[in-house]
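Visitor: How does the following fold in three dimensions:
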Amino acid sequence: MSALLEVEKLAIAYGGHAVVKGVSFQIERGAAYGLIGESGCGKSSILRGLAGLHGYSGSARLDGQPLGELRGKTLARRVQMVFQDPYASLHPRKTVEQVLGEPLLIHRIGDVQRRVLAILDEVGLGAAFRFRYPHELSGGQRQRVAIARALILQPELLLLDEPTSALDVSVQAEVLNLLKRLLRERNLGYLLVSHDLAVVAHLCGHLGLMHQGRIIEALSAAQVRAGIAEQPYTREFFAASR
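Guide: I've put the predicted structure just below:
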């Protein structure tokens, strides 16, 4: 059986400048894989490429199908992204119900009200939040709405771009535990990008440490927690993250 997502020798360039250089990894169903590294190492560019926001060379296959063959609504039904900043990712003049109902209307999926209520309950909010606007929500609540919006089309793969970095530490744990539960219950795949070792080790079973556009070391979460690394740069990164 093939992995949910298989990425081989992925390369991305901006204006002739290579930012991702031959990156390979795979994600099984029900599992999360993390890309970690300092700013500018190329990890967020990989997310944008897989989300269809930027071109790439190499191979990316979703459940055996070339990801590049998926376009528009077809891609959106199978791959969704949760962005870093919950304050910027929600329309300020739309209620939670409108934010969550819009993808269903675009894709002509019926029973909107029932689906909105169900997803709000699933992310730990509830019917009382339907008519609230983003400015009436805390940062953690906004990110729960963003997660609900990503899940309402029932995708197979979630791309998570530093989904907790804009939140307070106490709220980070709540959102990470929510993501962990949803991963298990929905049998999804996650690709998480972060600069925070603790966040990645909490959610992901395996990760790749990136440096200058390449994965220089593949690690398990257990190795990260134990501080076990072969590459000097990885050991330096661990030491700077403590």
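
Visitor: Sort out which residues of stretch 77-87 are buried, please.
Guide: 77-86 (16 or more other Cβ atoms under 10 Å). In this view, the C-beta of every residue, glycine as well, is placed from N, C-alpha and C.

Visitor: what's the answer for stretch 206-219, then?
Guide: 206-211, 213-217, 219.

Visitor: rewinding a little: which one of the buried residues of stretch 77-87 is nearest residue 166?
Guide: Taking Cβ to Cβ as the measure, residue 166 sits nearest to residue 85 out of the buried residues of stretch 77-87, at 5.1 Å.

Visitor: nearest residue to that closest one other than its sequence neighbours?
Guide: residue 166 (5.1 Å; Cβ to Cβ, 6 or more residues apart in numbering).

Visitor: which one of the buried residues of stretch 206-219 sits closest to residue 27?
Guide: residue 206 (8.8 Å).

Visitor: Quick check: the closest one touching residue 33?
Guide: Yes: the pair residue 206 / residue 33 is scored as a contact, 5.6 Å apart, by Cβ atoms under 8 Å.

Visitor: Now do the same for residue 239: helix, strand or coil?
Guide: helix (DSSP: H, G, I helix; E, B strand; the rest coil).

Visitor: what's the burial count for it?
Guide: By the criterion of other Cβ atoms under 10 Å, residue 239 has 10 neighbours.

Visitor: Also residue 231?
Guide: Neighbours of residue 231 under the rule other Cβ under 10 Å: 13.

Visitor: Next: residue 75.
Guide: Neighbours of residue 75 (other Cβ under 10 Å): 18.

Visitor: what do you get for residue 204?
Guide: Residues lying near residue 204 (other Cβ under 10 Å) number 27.

Visitor: Distance of it relative to residue 223?
Guide: 12 Å (Cβ to Cβ, to the nearest Å).

Visitor: Same question for residue 118.
Guide: 38 Å.

Visitor: ok, the two, which is more surrounded?
Guide: Per other Cβ under 10 Å, whichever of residue 118 and residue 223 has more neighbours is residue 223, with 18 against 12.
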